[in-house]
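In: When you get a sec, could you give me coordinates for this:
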Amino acid sequence: GQARANTDSIAVIIGNKSYAPVATFDVKYAHNDAEAMRAFVIERLGFRKANVIFVKDATLGRLKLLFGDEKNPRGQLWDWAVKGRSNIFVYYSGHGAPDVVTKEAYLIPVDTDPKRAATGYSLRLLEANLKKLKAWLGPKSDVILMLDACFSGNSGGGTVIDISGGLVPKFSPAGDGLIRIAASRAHEVANWNTERRLGLFTSVFIDAVRGEADKAEGGNKDGQVNWREIAAYLNREVRYRARRLHGRNQVPEVPGKDGPAWSFPAREFAFERKARLCREEPERWRRLKAAGDLAAIRQAAASFACPAVRSAIAAHIEAADARRVAQNRAAAERDQLRRQREELARQRAEIERQRRQMEEAARRRAEEERRQRDAARDRRHSSLQPGYRPPGHGAPSHGGVAGTLEQRLTAFIATVHLAGQSRYAAHVDYFDKG
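Out: Numbers count the residues shown, from 1 in each chain. This is a model prediction of the structure:
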């Protein structure tokens, strides 16, 4: 069937996302678009993987290498094709822009400034070289060009060239056996589907070929998807979703009866589901991660199917657990340090208390020693002076002023008597010696 017919078929899939610094913004989902369409041509159309030329962020030189130039249409695509046996499928997602002077439409390589669109790769030249390739291949070969790009100077991310409006780029008619499928008309914007993380047109196309076109209005619901059903679905859904999501018109360019003779099972293949989840789940994971609820992340981890996202979640949980262990260890160390500081403060307080006790004991000993010295002195004086009372002992209880004078007189007489005796003894001693 279809897979056998495409054994020698060649596809060129280009996703131009990263334009910095030559453009003000990137084509956010161009790489996702390219991945989805590579899976489509391999799994749905039956192209061999080795026959798919897959390019992310093509430069002007790479586009010329692939499709030739004005002088020679024979690029890498032509070299790989087999005359009379190859079908050709070319897909491009990225910036497009018109030349403001000639209004000619150009594909914008990642090394080309959209404001100087004429230095890009001419859409007219691409279609002309593909028509020459078609003529060489023969009438039985399909040559399909699919564009998820706009050439109006605007895009899903904003304006790529400075124009005042009213510029409608020139689109040459496809014809001559070239089947052109475009995301929008020449003057319109090719929008993005942020939730699906694809170009809007590409997201609707993927839905169509996996069975939605057969099930929806206009489909015959026979379990197979054909081109007539795909074309009807694209025309209806792209217009509706552009208005609903972005509030503006986007009308795809889709051939009717002259489209390819495609027929697919109306179901999502396992590879398509995996690819879809790996496009969509990163956004769900980003929102879950931003919420910062680790318990919710643990609970939701098993619901993710994309291996890359599951690995990212596992790494996040592991890092969070490691941070928690480190935080607990740091908290324990801080608590231990706090206890050590409290113990040190307690010990210092105890030392201070003991120091004060020692000082008080020393003061008391010194006071006791002073009292003992005073008492001893008082005893010596009392032994030498009858009636002497140490300072502070006061007068006798029967005394008064008279008693005090009597005591003093008695003491004075005793002193004189003792002094006279001492002088008499001294005289006697003197004469005895003489």
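
In: Per-residue pLDDT of residue 169, please?
Out: At residue 169 the predicted local distance difference test score is 54.

In: Quick one: mean pLDDT for the longest helix seen in the chain?
Out: When secondary structure is assigned using DSSP state H, the longest helix within the chain turns out to be helix 307-384. Per-residue pLDDT over helix 307-384 has a mean of 92.

In: And it, what does it pack against?
Out: Using 3 or more Cβ pairs under 8 Å, 6 or more residues apart in numbering; DSSP states H and E, the elements in contact with helix 307-384 are helix 270-291, helix 294-300. All C-beta spots, glycine's among them, are computed from the backbone N, C-alpha and C.

In: what's the neighbour count on residue 337?
Out: The burial count assigned to residue 337 is 10, neighbours taken as other Cβ atoms under 10 Å.

In: ditto for residue 287
Out: If we define neighbours as other Cβ under 10 Å, then residue 287 has 9 of them.

In: what do you get for residue 105?
Out: Residue neighbour count, defined by other Cβ under 10 Å, stands at 26 for residue 105.

In: can you give me the helices for the protein?
Out: When assigned using DSSP H, the helices of the chain occupy the ranges 2-5, 30-39, 60-67, 76-80, 123-137, 200-207, 213-215, 227-246, 270-291, 294-300, 307-384, 401-433.

In: so what's the residue lying closest to residue 262 once chain neighbours are set aside up against?
Out: Among residues not flanking residue 262 along the chain, residue 227 sits closest, at 5.0 Å (Cβ to Cβ, 6 or more residues apart in numbering). The neighbourhood of residue 227, defined by Cβ atoms under 8 Å, 6 or more residues apart in numbering, consists of 259, 260, 261, 262.

In: Tell me how far the third one lies from residue 144.
Out: What that stands for is residue 261. Here the distance between residue 261 and residue 144 works out to 11 Å (Cβ to Cβ, to the nearest Å).

In: Ok, the last one next?
Out: From residue 262 across to residue 144, the span is 10 Å (Cβ to Cβ).

In: quick one: which of the two has more around it?
Out: Taking neighbours as other Cβ under 10 Å, residue 262 and residue 144 compare with residue 144 leading, 22 against 18.

In: Which pLDDT value belongs to the more buried one?
Out: Per-residue confidence (pLDDT) for residue 144: 96.

In: follow-up on the earlier one: determine which stretch of the helices of the chain is the most buried.
Out: By mean neighbour count, with neighbours taken as mean count of other Cβ atoms under 10 Å, helix 200-207 ranks first of these at a mean of 26.

In: Quick check: residue 288 touching residue 295?
Out: No - using Cβ atoms under 8 Å, residue 288 and residue 295 do not qualify as a contacting pair, with a distance of 11.3 Å.

In: now stretch 135-145, how far from the centre of its chain.
Out: Centre-to-centre, stretch 135-145 and its host chain are 47 Å apart (Cα atoms, centre = their mean, to the nearest Å).

In: Name the residues that touch that stretch?
Out: Contacts with stretch 135-145, where a contact means Cβ under 8 Å, 6+ apart, come from 78, 81, 83-90, 92, 126-127, 130-131, 133-134, 174, 176-181, 260-261.

In: ok, of those, which come out buried?
Out: Burial by neighbour count, judged by 16 or more other Cβ atoms under 10 Å, picks out 78, 81, 86-90, 92, 126-127, 130-131, 133-134, 174, 177-181, 260 from the contacts of stretch 135-145.

In: which residues of the protein score low on pLDDT?
Out: Where the chain drops to pLDDT under 70, the residues are 1-5, 22-24, 153-174, 385-408, 416-434.

In: ok, now with 50
Out: Residue ranges of the chain with pLDDT under 50: 1, 156, 161-167, 397-402.

In: what's near enough to touch the closest residue to residue 308 other than its chain neighbours?
Out: Among residues not flanking residue 308 along the chain, residue 278 sits closest, at 6.2 Å (Cβ to Cβ, 6+ apart). Each residue near residue 278 by Cβ under 8 Å, 6+ apart is listed here: 306, 307, 308, 309.

In: hmm, which two among those residues are most spread apart?
Out: Taking every pair in the contacts of residue 278 and measuring Cβ to Cβ, the maximum separation is 7.4 Å, between 307 and 309.

In: TSV for the contacts of residue 278, including distance to residue 346?
Out: Rendered in TSV, the data for the contacts of residue 278 read as follows (distance: Cβ to Cβ, whole Å):
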residue	distance to residue 346
306	58
307	58
308	56
309	54
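
In: Against residue 91, how distant is residue 194?
Out: For residue 194, the distance to residue 91 under the criterion Cβ to Cβ works out to 21 Å.

In: Could you do residue 415 as well?
Out: When distances are taken as Cβ to Cβ, residue 415 and residue 91 turn out to be 140 Å apart.
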